[in-house]
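In: can't give you the sequence, but here's the structure:
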């Protein structure tokens, strides 16, 4: 190592600020990391992390593109563990649920060196520099939160705040409540999971869902009848004044700053309290740890791990199994493999690097790969499909669940199994979830909702990258199809057709609860009669699934009934079926374990569900109307609309609620309904402007600017937002479906604007074969655990292939990738949450 003639330039460089992401754990363009033989080079100007792989040369590519000349190479090796001591001090008491930064220096040895790329533009040259400057920059990088840890802390750290109801709480003197052990619900005999109303002192049991502790929702019923909003969970009160506080009016956890004073009204001395029950947060964490999928076969033998291209696991980042399952399923599909990888799947890899990826790295418009969706998708594809990271790691032990409660859903991990270390897609998760109210957090999410969100994000990005031009290689189009809605007035018999573009077909599952065994435990989950998948589809798309609606006929019939029938207008190449197996208990969606029976051979034939459009013997309804018809309304969230109607709300109220809440979800619409039930016009027909469109507010300049940044004109963006009631995501879909619309809003009737052809194909036969399914264990889609089962070709498994040369089913359970047990596979298929079929 020699002195560098450029060392004085280091004086002008500044260490990272607190707000800056420092990518020092792994390369931002592949999963090579600081634990490798050559480590990671961190740029000392933008703090990008890049590998020194001689084939991918991400470090030298970053230097040549950015002009940044100095990097800090970081390599990490594990320290030997010191012998345990019996006299160690007890750990500090945790007072808040938060991620605490681990002391890396206690577990790892870090080796750093400064490199100058001006002296060696190919590999960088290690340099000697002024000791003060080198230490200042090195310490700044090493002491900063890594980008992965920074995103975790931001996502987990969820502050609970007071609300107007806790700050302005009014209390009625009601005397002292019974002492601990003697208190019971005022409406039943439960003595645990009790919630004290801080207004009047009434005791009611909580909801059953939390941890299976039992509860009949009587505290919620008390709020419904009295409108006393704030309650505290007995048994969670601590001498420091902490407790579980819930505000039913806000429908959220809250803080009561004056809790000791409020509790004293009912004779409770906070200083003498002892915590005796688990908080809601503790129950939620325990619940998520408790649910796992068996890693042993029916005969007790361990399932066999598999390794190689397309068989790479993803580590759980903390409630990220929903994302891992979706990514594994997507990258098992040829369209995604070809678009983002190539390789042995298409033969377009040169020296181990996908040519499209190499070209993008050279021309990427983003200064940092961590901010580019294309870079992150290419990174995920390389990680999952190359096989470079799918290797046994004998020194790694997966997250144990020894602290989880015992039960039939918990399975021990076979000992001495050489699991993979697994990839950590933290950068991808942070980018895809950026700005989203749910996916930006570390909470468990719904896998079906994430798939829909990811497809929308990918379409939006690719549309902007291609300047609006169609991309024949766009993989998301494989999911797109048209869903035909036929509406017929039962008075005049005239009809109207509408086709909506869809990516996922959600279907309801009829629930027929089987009689419980005599003497069965009340807390045992009920069992349900199995239902055939084709029967479920028939209830949605067949004649038996016709739905009668209240309808204002445009043909002059007045307020009459109409029948709505759904059919496929076109079929997708990849059909995703989402089984809605829920029911509302105390206004909380609860999952039902209803077995679904797939057709023989896991093959579907859907020819009978193809719509035919307007027929020669049918008369079409006129367009003009004094009030909007269902087809003239903005496209509503069909799933949310069905949930609200299933709860007993009239159709017009459901439509108004969804329009008022920007079509978000059933929960938001339900809150709006509860607060507007006394409106004098709540049941009046929705008023429309001349021309039959719903009066929508003027879009905000920020919304218009966001769409304009994607390559659309100001006029197109404004019209799309008006047409979709100000919903940005639906506005993007509208723009894709109306590429030739100039954005002019006609003041009178004019010739219709040509629409983009409906995606998918109407050719027959429409035959599909099951490629993958995503399963879930837990009482709610927002807790528990997701895994994916994927059908893998025998050539991909190599030595692990089926003895008869048939496809094998492989279980992807976070970082654990194993050949699925054939005996239990059929049972798991019946309880799947999402099915992914390929057209054959």
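Out: On my side now, so go ahead. Keep in mind that what you see is a predicted model, and the values were worked out from it rather than measured.
In: ok, residue 326 to residue 454 distance?
Out: Relative to residue 454, residue 326 is positioned 7 Å away (criterion: Cβ to Cβ, to the nearest Å). The C-beta positions use only the backbone N, C-alpha and C, and glycine is treated the same way.
In: Look at the two and report which has more neighbours.
Out: residue 326 (24 against 20; other Cβ atoms under 10 Å).
In: what separates that one from residue 835, distance-wise?
Out: 13 Å.
In: what touches both of the two?
Out: With Cβ atoms under 8 Å, 6 or more residues apart in numbering applied, the contact sets of residue 326 and residue 835 do not overlap.
In: For the lengthiest helix in the chain, which outside residues touch it?
Out: Longest helix in the chain by number of residues (criterion: DSSP state H): helix 447-465. Residues outside helix 447-465 that contact it (Cβ under 8 Å, 6+ apart) are 322-323, 325-326, 330, 373-374, 377, 432, 436, 438-439, 471, 474-476, 479, 503-504, 506, 576, 578, 709-711, 729, 732-733, 736, 774, 776, 781, 786, 833-834.
In: now, which of these lie within helices?
Out: Among the contacts of helix 447-465, the residues falling in helices (DSSP H) are 322-323, 325-326, 330, 373-374, 377, 432, 729, 732-733, 736.
In: which one among the residues you listed gets closest to residue 767?
Out: Nearest to residue 767 among the ones in helices among the contacts of helix 447-465 is residue 330, at 21.9 Å by Cβ to Cβ.
In: pretty sure the closest one is touching residue 336, no?
Out: Yes. Residue 330 is in contact with residue 336 according to Cβ atoms under 8 Å; the separation is 5.1 Å.
In: Poorly predicted segments of the stretch 151-300 of the chain, please.
Out: Residue ranges of the stretch 151-300 of the chain with pLDDT under 70: 151-159, 180-181, 208-213, 275-300.
In: let's go with 50 and repeat that
Out: Within the stretch 151-300 of the chain, the stretches with pLDDT under 50 are 155-158, 210-211, 285, 288-291.
In: For it, just list every one of the strands.
Out: Applying DSSP state E, counting those that start in this stretch to the stretch 151-300 of the chain gives strands spanning 194-197, 203-205, 230-233, 245-247, 252-254.
In: Tell me which of those sits nearest to residue 69.
Out: strand 252-254 (50.3 Å).
In: Please list the residues outside the closest one that contact it.
Out: The contact list for strand 252-254 (Cβ under 8 Å, 6+ apart) reads 160-163, 165-166, 230, 244-247, 280.
In: Please pick the buried ones from these.
Out: Neighbour-count burial (16 or more other Cβ atoms under 10 Å) is assigned, among the contacts of strand 252-254, to 163, 165-166, 230, 244-247.
In: hang on, the earlier thing: among the ones in helices among the contacts of helix 447-465, which one sits closest to residue 66?
Out: Of the ones in helices among the contacts of helix 447-465, the one sitting nearest to residue 66 (Cβ to Cβ) turns out to be residue 374, at 17.6 Å.
In: Let's verify the residue nearest to that closest one when sequence neighbours are not counted: helix, strand, or coil?
Out: Distances taken as Cβ to Cβ, 6 or more residues apart in numbering put residue 360 closest to residue 374, at 5.8 Å, once the chain neighbours are dropped. Here residue 360 is helix, with the state taken from DSSP: H, G, I helix; E, B strand; the rest coil.
In: what about residue 382, how many neighbours?
Out: 26.
In: Name all residues that make contact with it.
Out: Residue 382 touches 30-31, 341, 354, 357, 388, counting by Cβ under 8 Å, 6+ apart.
In: ok, 6 Å please
Out: residue 30 (Cβ atoms under 6 Å, 6 or more residues apart in numbering).
In: what does residue 533 give?
Out: So residue 533 contacts 596, 598 (Cβ under 6 Å, 6+ apart).
In: same thing with residue 75?
Out: 39, 111.
In: and the gap between it and residue 30?
Out: Residue 75 is 17 Å from residue 30, by Cβ to Cβ.
In: Run a quick neighbour tally on the closest residue to residue 508 other than its chain neighbours.
Out: Closest residue in space to residue 508, ignoring its immediate chain neighbours: residue 580 at 5.2 Å, by Cβ to Cβ, 6+ apart. Residues near residue 580, counting by other Cβ under 10 Å, number 18.
In: what about the stretch 1-150 of the chain, any weak spots by pLDDT?
Out: 85-102.
In: pretty sure residue 830 contacts residue 595?
Out: Yes. Residue 830 is within contact range of residue 595, at 3.9 Å (criterion: Cβ atoms under 6 Å).
In: What is the burial count for residue 813?
Out: 26.
In: Once you drop chain neighbours, what's closest to it?
Out: Nearest to residue 813 is residue 787, by Cβ to Cβ, 6+ apart, at 4.5 Å.
In: ditto for residue 704
Out: Closest residue in space to residue 704, ignoring its immediate chain neighbours: residue 717 at 4.6 Å, by Cβ to Cβ, 6+ apart.
In: List the contacts of the one you found.
Out: Residues counted as contacts of residue 717 (Cβ under 6 Å, 6+ apart) are 704, 707-708.
In: so which helix or strand takes in it?
Out: helix 714-723 (DSSP states H and E).
In: Tell me which residues of that helix come out buried.
Out: So, applying 16+ other Cβ under 10 Å, buried residues of helix 714-723: 716-723.
In: mind listing the helices in the stretch 201-350 of the chain by residue range?
Out: Here the stretch 201-350 of the chain has its helices, by DSSP state H, counting those that start in this stretch, at 218-226, 259-264, 280-290, 321-330, 334-340.
In: what's the angle between the fourth one and helix 447-465?
Out: This means helix 321-330. Angle of helix 321-330 versus helix 447-465, following axes from the mean of the first three to the mean of the last three Cα atoms, to 10 degrees, is 60 degrees.
In: related to what we said a few turns ago, any chance of CSV for the strands of the stretch 151-300 of the chain, columns distance to residue 744?
Out: Formatted as CSV, the strands of the stretch 151-300 of the chain follow (distance: least, Cβ to Cβ, whole Å):
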stretch, distance to residue 744
strand 194-197, 57
strand 203-205, 58
strand 230-233, 53
strand 245-247, 48
strand 252-254, 44
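In: For residue 186, find the nearest of these.
Out: Distance to residue 186, taken as Cβ to Cβ, is lowest for strand 203-205 among these, at 5.3 Å.
In: Perfect, I'm done here.
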